[in-house]
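# have a look; sequence and predicted model below, questions after that.
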Amino acid sequence: MRFLFAALIALSVAWSAYWWFGSSREADQIAAWLSETDRLDATAQTIQGFPNRFDTTLENVVVNLGTVTWRLDWLQLFRLSYRPGHYIASFAPEQNVDVQGSVWRLRTQDSRASVIFAEAAFDNSSAVFSELSLTAPDRTNFSAEEMLFATRRVPAGYEVALRLTGFGVGDRVADINLDGIVSVEEGIVVGTLMIGTTDSDVLGEIGATLGVTGLQPGATLDMTSEGVSLNGALIAPPFIVP
């Protein structure tokens, strides 16, 4: 009995030491990442989650994507101590997206994402945002019951799928989806996505708010180093990943 008790004590001490070492290493890696990149900035970080997780909280987060700046009060990253390549992210319910000086305000009831790395390379991801409310700079309000986003690595790059369920503009509601394959070249996303919807008038409302024409079912978004084009017409600068 004494041997069993001693073994349990030793095991608890060893696991505590492992968690402390792992959490310190996690904090150092995140601090090094923040210092090396100019795409992400945060003012504070804390590590919790003993005994099985490393839970990191970043505060006053700013994600710089070139002409787009994403700001949120906090971002949480959760990782099981025995699964080093799998991160779960939780986002602050209120977020601001600055597009070339025009601020879009996003509110969600719940927003989470999962990112998996395999062999030190990005492999796949998924995200779920529920009860979205998006306010445009001109105060036009968009809403959606749910947004699903997923990517997975394929030989040609990454397969991308976006689903907006119950997306509403005014009194009109529709489901919208984007599908295609993209890749990342020198930090810039390139590829083609196709647009689909259950109500083309809703796409027209979105286009009117964004000041673009040709937003309709079957239209394509072409992403290159020169920018994002809709059916061949340039509508936005290149999309940069952090």
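Okay, I see it.
# can you tell me the closest non-neighbouring residue to Asp222?
Ser229 (4.5 Å; C-beta to C-beta, 6 or more residues apart in numbering). Where you see a C-beta, it was placed from the backbone N, CA and C, and this is true even at glycine.
# burial check on the one you found, number of neighbours?
By other C-beta atoms under 10 Å, the residues close to Ser229 number 16.
# ok, now Gly101?
For Gly101, the count of nearby residues is 8 (other C-beta under 10 Å).
# can you tell me how far the residue nearest to Pro93 when sequence neighbours are not counted is from Glu131?
Spatial nearest neighbour of Pro93, excluding adjacent residues (C-beta to C-beta, 6+ apart): Thr108 at 5.6 Å. From Thr108 over to Glu131 the distance is 6 Å, taken as C-beta to C-beta, to the nearest Å.
# when these two are compared, which one has more neighbours?
Thr108 (21 against 16).
# picking up where we left off before, so which helix or strand takes in the residue nearest to Asp222?
strand 227-230 (DSSP states H and E).
# report the buried residues of that strand.
For strand 227-230, a neighbour-count test (16 or more other C-beta atoms under 10 Å) marks 228-230 as buried.
# please apply the same query to stretch 101-110.
104, 106, 108.
# and those residues, which is closest to Thr135?
Proximity of these to Thr135 (C-beta to C-beta) peaks at Trp104, which lies at 6.8 Å.
# what pairs with that closest one across the strands?
Bridge pairing for Trp104 (DSSP bridges) gives the partners Val97.
# start to end distance for stretch 133-148?
15 Å (C-alpha to C-alpha, to the nearest Å).
# buried residues in that stretch?
In stretch 133-148, counting by 16+ other C-beta under 10 Å, buried: 134, 136, 142-144, 146-147.
# what of stretch 61-78?
Applying 16+ other C-beta under 10 Å to stretch 61-78 flags 61, 63-65, 68-72, 75-78 as buried.
# pretty sure the residue nearest to Pro93 sits against Phe129.
Yes. Between Thr108 and Phe129 there is a contact under C-beta atoms under 8 Å: 5.0 Å.
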